[in-house]
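can you look at this prediction? I've put the sequence above it.
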There are 2 protein chains.
Amino acid sequence: MEITVIPSVNEARADDLINKTVLVIDVLRATSTMLTALAHGCRAIYPVETVLQARQLQQPGYVLGGERACKKIPGFDYGNSPFEYMDDRIAGKHLIITTTNGTRAIQKSSKACTVIAASLLNGKACAREAAALNKDIVILCSGTQDVFSFEDGICAGQLVGELQSLLKDRGTEWSVNDFGLSMLYAFQQVQSDITRALMNCSNGKRLCKLGFTDDVIYCSRLNLIQMAPVVRGGKLSAPLVDQLT
Amino acid sequence: MEITVIPSVNEARADDLINKTVLVIDVLRATSTMLTALAHGCRAIYPVETVLQARQLQQPGYVLGGERACKKIPGFDYGNSPFEYMDDRIAGKHLIITTTNGTRAIQKSSKACTVIAASLLNGKACAREAAALNKDIVILCSGTQDVFSFEDGICAGQLVGELQSLLKDRGTEWSVNDFGLSMLYAFQQVQSDITRALMNCSNGKRLCKLGFTDDVIYCSRLNLIQMAPVVRGGKLSAPLVDQLT
């Protein structure tokens, strides 16, 4: 099984994702937030690129979420902080969400066989799901405005590590590209204190400055949620009965 | 001081290197080999892109070196293995060398203020030289055919680590981009056994298969040579009296 880690959305070519399982990562904060909403009972999530698209999709039973430059969009129900999605108001709702980088990564993956939304919060569950699908895997770091982001790379390293042990256990041969290998080592180096590492990277610093320190701390927790949300027909949902541990 | 690590040549924009100190890395094997030749008394090195250019530059007192697909070019005096340059035959000679990736990276850096050829073998010396120059630093990984190479990233991590401690010691504020931060952690993780890590990356595996295992072992040694070769007017030379420790 081939595992390829791609550093940012603009380095991904849509045709290279055909027949692959794609794990999309946007740790700070899109995939962490979407996962949190699903774990709190949100029924489905529709990631869209623009604020206009989000408003056009709105209908009864749907709520709007998202951010621009880390801030809530005027008139929207929710921003992009995972804490906003941790109560019962989101249960049973459909969420239309627009974020800058994570949404673009999900849309870029439209030709993949399966697309899974990954974060540090659910790395183990995502790796298990991806390994079970038995196809070559592309791990797509969203990055920030076309530039690689540290926290996405660390999550890619977590995924490579989890996949490595799963595939080794079942005797499947596997390989990873040099970028993925580097991220595996970087993850292993910071594993004992990921929160501190995330607070030192550029998005982490920026979010802390904007008052979202708790978001960075929360998003740096490993395997808090046992759920691998799958994107189908542009819609993100939890495929199985999952649990918040 | 800003430190920016760039994953491969095709991601570097020549104009972004203006007024910067650029550290060019091609661990397997161009910069390791050129450094080794200089440490053994080679007078100057002229990196060129094509075999034709190399032949056109030849004159008495000049020798030809280089590789294509890891192999010596027919009719050339030397290949690209550092071991070929470890004897007295190279002393006092001018070397015209053509390699696939390292040469391209050096040429891409032509607008930089200073260009230094770095490898694991001379990381400490290069960091010292770059810190002393007091300009923003770009660490340019050559990569392989426009793709990031693990060994260059590990060397970038070594350089970031050395720069970090030098700049901290003298109280200079510094920052590094997220990619450089990841490489620093990856380097720290493999530091205790870099040879093994290099043998597991794609160029390392390829070279071992082709019979160049000793090259990989040699090129993975840290700070064996106390020399920071500088490129001036397309010519690479050792700026100071240096020593092979």
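Happy to help now that I have it. Just so you know, these numbers come straight off a predicted model, no measurement behind them.

once you drop chain neighbours, what's closest to residue A:79?
What sits nearest to residue A:79 in space, not counting adjacent residues and going by CB to CB, 6 or more residues apart in numbering or on different chains, is residue A:72, at 3.3 Å. Heads up, the C-betas are built off the backbone N, CA and C, glycines and all.

list the contacts for the one you found?
Residues near residue A:72 by CB atoms under 8 Å, 6 or more residues apart in numbering or on different chains: A:66, A:78, A:79, A:80.

and the closest residue to the first one other than its chain neighbours, what does it touch?
Excluding its sequence neighbours, the residue lying closest to residue A:66 (CB to CB, 6+ apart) is residue A:98, at 3.8 Å. Residue A:98 makes contacts with A:47, A:48, A:49, A:50, A:51, A:53, A:54, A:65, A:66, A:73, as judged by CB under 8 Å, 6+ apart.

contact distance from chain B - what residues of chain A qualify?
Within chain A, the positions near chain B by CB under 8 Å from any CB of the partner chain are A:7, A:147-150, A:153-154, A:177-179, A:181-183, A:185-186, A:188-190, A:197, A:200-202.

make it 7 Å
Selection of chain A residues close to chain B by CB under 7 Å from any CB of the partner chain yields A:7, A:148-150, A:153, A:178-179, A:181-183, A:185-186, A:188-190, A:201-202.

list only buried entries from the residues you listed.
Among the residues of chain A next to chain B, those classed as buried by neighbour count (16 or more other CB atoms under 10 Å in any protein chain shown) are A:7, A:148-150, A:153, A:178-179, A:181-183, A:185-186, A:188-190, A:201-202.

so where's chain A uncertain?
Where chain A drops to pLDDT under 70, the residues are A:240-245.

all strands of it, in order?
Along chain A, counting by DSSP state E, strands occupy A:2-6, A:21-25, A:44-48, A:62-68, A:71-72, A:94-98, A:114-118, A:137-141, A:175-176, A:225-226, A:230-232, A:235-237, A:243-244.

sorry, back to before: which of the residues of chain A next to chain B fall within helices?
Members of the residues of chain A next to chain B lying in helices (criterion: DSSP state H): A:150, A:153, A:178-179, A:181-183, A:185-186, A:188-190, A:202.

now those as JSON lines including distance to residue A:142?
Shown next, in JSON lines, are these (distance: CB to CB, whole Å):
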{"residue": "A:150", "distance to residue A:142": "12"}
{"residue": "A:153", "distance to residue A:142": "11"}
{"residue": "A:178", "distance to residue A:142": "20"}
{"residue": "A:179", "distance to residue A:142": "15"}
{"residue": "A:181", "distance to residue A:142": "20"}
{"residue": "A:182", "distance to residue A:142": "18"}
{"residue": "A:183", "distance to residue A:142": "14"}
{"residue": "A:185", "distance to residue A:142": "21"}
{"residue": "A:186", "distance to residue A:142": "17"}
{"residue": "A:188", "distance to residue A:142": "22"}
{"residue": "A:189", "distance to residue A:142": "22"}
{"residue": "A:190", "distance to residue A:142": "19"}
{"residue": "A:202", "distance to residue A:142": "14"}
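
which other residues reach stretch A:145-156?
A:5, A:7-10, A:25-28, A:118-120, A:123, A:139, A:141-143, A:180, A:183, A:186-187, A:190, A:194, A:197-198, A:201, A:203-204, B:178-179, B:181-182 (CB atoms under 7 Å, 6 or more residues apart in numbering or on different chains).

re the thing from before, partner residues bridging the residue nearest to residue A:79?
residue A:67 (DSSP bridges).

if we can go back for a sec, which one of the ones in helices among the residues of chain A next to chain B is nearest to residue A:169?
Residue A:169 lies nearest to residue A:188 out of these, by CB to CB, at 18.4 Å.

which residues touch the residue nearest to the closest one when sequence neighbours are not counted?
Once flanking residues are discounted, residue A:188 sits nearest to residue B:189: 5.2 Å by CB to CB, 6+ apart. Going by CB under 7 Å, 6+ apart, residue B:189 touches A:185, A:186, A:188, A:189.

what do you get for residue A:160?
A:3, A:5, A:176, A:180, A:183, A:184.

which of these has the most neighbours?
residue A:183 (31 neighbours; other CB atoms under 10 Å in any protein chain shown).

where's it relative to residue A:7, distance?
Per CB to CB, to the nearest Å, residue A:183 is found 9 Å from residue A:7.

same deal with residue A:108?
From residue A:108 to residue A:7 the distance is 13 Å (CB to CB).

with residue A:37 instead?
In terms of CB to CB, residue A:37 sits 27 Å off from residue A:7.

then residue A:151?
12 Å.

same question, residue A:124
Applying CB to CB, the value for residue A:124 to residue A:7 is 23 Å.

do residue A:152 as well
The spacing between residue A:152 and residue A:7, counted by CB to CB, is 8 Å.

same question for residue A:24.
Following CB to CB, the distance that separates residue A:24 from residue A:7 is 13 Å.

follow-up on the earlier one: tell me the two of the contacts of residue B:189 that are most distant?
A:186 and A:188 (7.4 Å).

what about the closest residue to residue A:136 other than its chain neighbours, neighbour count?
Sequence neighbours aside, residue A:2 is the residue nearest to residue A:136 in space, at 4.4 Å (criterion: CB to CB, 6+ apart). When neighbours are defined as other CB under 10 Å, residue A:2 has 14 of them.

so residue A:2 touches residue A:175, yeah?
Yes: contact criterion CB atoms under 7 Å: residue A:2 and residue A:175 qualify, at 5.7 Å.

neighbours of the residue lying closest to residue A:70 once chain neighbours are set aside, how many?
Leaving aside its sequence neighbours, residue A:70 sits nearest to residue A:210 (CB to CB, 6+ apart; 5.3 Å). Neighbour count of residue A:210, defined by other CB under 10 Å: 12.

give me the common contacts of residue A:152 and residue A:7.
Contacts common to residue A:152 and residue A:7, judged by CB under 7 Å, 6+ apart, are A:141, A:143.

report the contact partners of the residue of chain A most remote from its centre.
Ranking residues of chain A by C-alpha distance from their mean position (CA atoms, centre = their mean) puts residue A:171 at the top, at 27.8 Å. Applying CB under 7 Å, 6+ apart, one finds that residue A:171 lies in contact with no residue.

over to it: give its phi and psi.
Per-residue torsions, residue A:171: phi 70, psi 20 (degrees, to the nearest 10).

now it: how far from chain B?
Using CB to the nearest CB, to the nearest Å, residue A:171 is found at 19 Å from chain B.

returning to what we had before: among the contacts of residue A:72, who's most crowded?
Neighbour counts for those peak at residue A:80, which has 29 neighbours (criterion: other CB under 10 Å).

ok, that one touching residue A:67?
Yes: with contact defined as CB under 7 Å, residue A:80 counts as touching residue A:67 (3.6 Å).

shared neighbours, those two?
residue A:99.

buried residues, stretch A:132-141. List them.
In terms of neighbour count (16+ other CB under 10 Å), stretch A:132-141 has its buried residues at A:135, A:136, A:137, A:138, A:139, A:140, A:141.

residue A:223 contacts residue A:119, doesn't it?
No: here residue A:223 does not reach residue A:119: they are 10.1 Å apart, not a contact under CB under 7 Å.

these two: who's more crowded?
Shown here are residue A:223 and residue A:119; by other CB under 10 Å, residue A:119 has more neighbours (35 against 16).

could you check how far that one is from chain B?
From residue A:119 to chain B the distance is 17 Å (CB to the nearest CB).

contact partners for that residue?
Counting by CB under 7 Å, 6+ apart, residue A:119 makes contact with A:25, A:27, A:31, A:32, A:35, A:155, A:219.
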